[in-house]
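Q: sequence plus predicted model, see below.
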Amino acid sequence: NGDNVIPDQTIHAARYSQLTAPDGRVRLTPLPDAASAIALVAARYADLAAANPVLAGNVAAKDAAEIGDWHRSGRLRGIDVDGSIVGLLAVDDGDIGWITGDEIQEEVISTGHTGHGYAASAQAAWSAHIADDPARLLIGTIDRHNHASRRTAERAGRPAVLEDVFVRLGR
């Protein structure tokens with residue numbers, strides 16, 4: 001019964017070869033240091049807490065050590081629009097349930113730059129310029145309250161392939 005099912009998160013996935021072609025609006029560029037990436041993530045999550053406390057209660061920024069590791073390994077890139085860094089994308093090996101691939105670990109767009117589709121453009125750019133296996137999956141989970149990220153994944157060509165739900169037991 002639908003009344004007994006509460007969505008938790010969706011899992012979005014597609015092979016790199018299935019993602020949308022890059023539109024050229026963004027460039028993915030290494031950030032000068034991990035500290036700038038950490039600050040960008042912290043600022044976005046602080047803005048999220050003020051704007052959407054329900055979503056903020058369900059998601060958390062990755063910790064500084066992980067962000068530093070991705071920076072050092074080249075798995076984290078700044079999202080550059082016309083010479084300004086407007087966000088970042090971190091992708092690393094991962095698995096969600098039994099689905100393995102490259103997992104979006106962190107993706108943020110600075111508050112003043114949201115709503116322009118830059119995150120979807122960044123995923124397409126990653127697929128075309130950084131990913132080295134077109135058959136590999138790009139995967140990620142999205143909280144039920146994160147409508148913008150769900151639209152981003154779908155625009156990038158990553159449809160929902162699974163949904164985690166809570167099932168109310170009893171009456």
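A: Thanks, I have the structure now. Numbering: from 1, shown residues only.
Q: from now on I want contacts and neighbour counts done on CA atoms only, so please keep to that.
A: Fine.
Q: count the residues that sit near the residue nearest to E163 when sequence neighbours are not counted.
A: Excluding its sequence neighbours, the residue lying closest to E163 (Cα to Cα, 6 or more residues apart in numbering) is T10, at 4.3 Å. Using other Cα atoms under 10 Å, T10 has 20 other residues around it.
Q: just checking, T10 touches I142?
A: Yes - counting by Cα atoms under 8 Å, T10 touches I142, with 5.3 Å between them.
Q: ok, now which ones touch the residue nearest to E163?
A: T141, I142, D143, R144, A160, V161, L162, E163, D164 (Cα atoms under 8 Å, 6 or more residues apart in numbering).
Q: can you give me the distance of the third one to G57?
A: Which is D143. Distance check for D143 against G57: by Cα to Cα, to the nearest Å, it reads 11 Å.
Q: of the two, which one has the most company?
A: Using other Cα under 10 Å, the more surrounded residue of D143 and G57 is D143, with 18 against 10.
Q: specify the beta-bridge partners of the more buried one.
A: Beta-bridge pairing of D143 under DSSP bridges involves Q9.
Q: ok, now R15?
A: L137.
Q: repeat for I79
A: Applying DSSP bridges, one finds that I79 bridges with L28, G87.
Q: below-threshold pLDDT in the protein: ranges please.
A: Residues of the chain that meet the criterion pLDDT under 70 lie in 1, 171.
Q: the same query, at a cut-off of 80, please.
A: 1-2, 170-171 (pLDDT under 80).
Q: not counting its neighbours along the chain, what's nearest the residue nearest the centre of it?
A: What sits nearest the mean C-alpha location of the chain, by Cα atoms, centre = their mean, is E107, with 3.9 Å. Nearest non-adjacent residue to E107, counting by Cα to Cα, 6+ apart: L89, 4.5 Å away.
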